[in-house]
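Coordinates for the following, if possible.
(one chain, ligands or ions: 2)
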Amino acid sequence: MSYTLGVLGGSGLYEMEGLGGVTEIAVDTPYGKPSDVLVKGTLANGTTLLFLPRHGRGHRIPPHQINYRANLCALKKAGATHVVSISAVGSMKEEIEPGHLVVPDQFIDLTKRRISTFFEDGVAGHVPFADPVCSLLAEPLLAAAGRAGARVHQGGTYVCMEGPQFSTRAESRLYRTWGVSVIGMTAMPEAKLAREAELPYATLALATDYDCWHEGHDDVTVEAIIATMKNNVALAKKALVELSSTLPDPTKSIAYRASRGAIMTASSALSDEARARLGWLLEG
Ligand SMILES: CSC[C@H]1O[C@H](OP(=O)(O)O)[C@H](O)[C@@H]1O
Ligand SMILES: Nc1ncnc2[nH]cnc12
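Ligands and ions are numbered 1, 2, ... in the order given. Prediction:
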């Protein structure tokens, strides 16, 4: 079976080189437009890759204004069978040094004003989310990052803050008491929406800084992030290429048909409008 790897590029990752037969796809969705056109192409091993930079080319869209629903819906509509999210993060643990990579297995959602579900306006649905990352995808992603030459940490919790300001020192110290591994501003609601869209989802987090808790390091700034990011992004691109040969069977993923059993609304109570709105998801 042929798979299509959807990639959500984060800070510093706005394009993928090395793709053959590249086309640009402008997708419209019931939720509006995604962050940019999707770039579709083929990797040397034949895997199709769909690339979408979540902040848009030129980094025009801040984390709290990303249309996460349109991004996930667009990837699904364009045929993605898996989604890997690339994200710059602050490290919340000494041993995760700037320049290291992390494949988290948990998230804490501290976002405050983002739309985080496809199920609304006449449709009630509650997907299981105890394990927010698809372990079948995370395992080969971890291995791929290792083969790419990265120092990569397995598992850990990504705390997602609202931003766009970085944390206060009190917040940073509080999150450390929770035992989290990394902090960023974009994994939520992305991961929730990927689950509702029944897409296997995993994050490759690129540690760029020690936020503002570490007495031996300067507090995070955009300048410091950019300085570390170049090498991180090169590793992430290599990891994606490595991963593309070892994508798991999506029908074995925790996300497979996750929304089918999750909808509480009786079929007879679904309006024609709601059916049409969710057609991209429910008619697959
Ligand atoms: C570059 S400063 C902070 C910015 O970087 C991260 O974005 P992404 O997850 O898309 O790589 C972080 O979440 C903030 O949005
Ligand atoms: N310290 C930090 N806090 C939030 N998002 C980040 N992205 C990169 N570093 C970050």
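
pLDDT at residue 283, what is it?
Listed pLDDT for residue 283 reads 84.

OK, now which residue of this protein is nearest to ligand 2?
Going by CB to the nearest ligand atom, ligand 2 is nearest to residue 90 of the chain, at 2.3 Å. Where C-beta positions appear, they are placed from N, C-alpha and C, glycine not excepted.

Let me know whether my guess that that residue is in a strand holds.
Yes: read with DSSP: H, G, I helix; E, B strand; the rest coil, residue 90 is one of the residues of a strand.

Around ligand 1, pick out the residues from the stretch 51-200 of the chain.
Residues of the stretch 51-200 of the chain lying near ligand 1 by CB under 6 Å from any ligand atom: 54, 55, 63, 87, 88, 184, 185, 186.

at 5 Å instead, please
Residues of the stretch 51-200 of the chain that fall close to ligand 1, judged by CB under 5 Å from any ligand atom: 63, 87, 88, 184, 185, 186.

Now rank these by neighbours and give me the top one.
Highest neighbour count within these: residue 186, with 29 neighbours (other CB atoms under 10 Å).

residues from the stretch 151-284 of the chain in reach of ligand 2?
Proximity of the stretch 151-284 of the chain to ligand 2 is confined to 183, 184, 185, 208, 211, 220 under the rule CB under 5 Å from any ligand atom.

Look up which helix or strand residue 274 falls in, please.
helix 272-277 (DSSP states H and E).

List the contacts of that helix.
With contacts defined as CB atoms under 8 Å, 6 or more residues apart in numbering, helix 272-277 is touched by 30, 121, 122, 123, 265, 282.

at 6 Å instead, please
By CB atoms under 6 Å, 6 or more residues apart in numbering, the residues outside helix 272-277 that reach it are 30, 122, 123.

Output the residues you listed as CSV; include the columns secondary structure and pLDDT.
What follows is those, written out as CSV (DSSP: H, G, I helix; E, B strand; the rest coil; pLDDT from 0 to 100):
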residue, secondary structure, pLDDT
30, coil, 97
122, coil, 97
123, coil, 97
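
Make CSV out of the residues you listed and add neighbour count and distance to ligand 2.
Shown next, in CSV, are those (neighbours: other CB atoms under 10 Å; distance: CB to the nearest ligand atom, whole Å):
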residue, neighbour count, distance to ligand 2
30, 15, 30
122, 14, 35
123, 19, 32
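
rewinding a little: distance from whichever helix or strand comes after the helix holding residue 274 to the middle of the chain?
Following helix 272-277 in sequence order, the next helix or strand is helix 279-282 (DSSP H and E). Centroid separation for helix 279-282 versus its chain: 21 Å, with CA atoms, centre = their mean, to the nearest Å.
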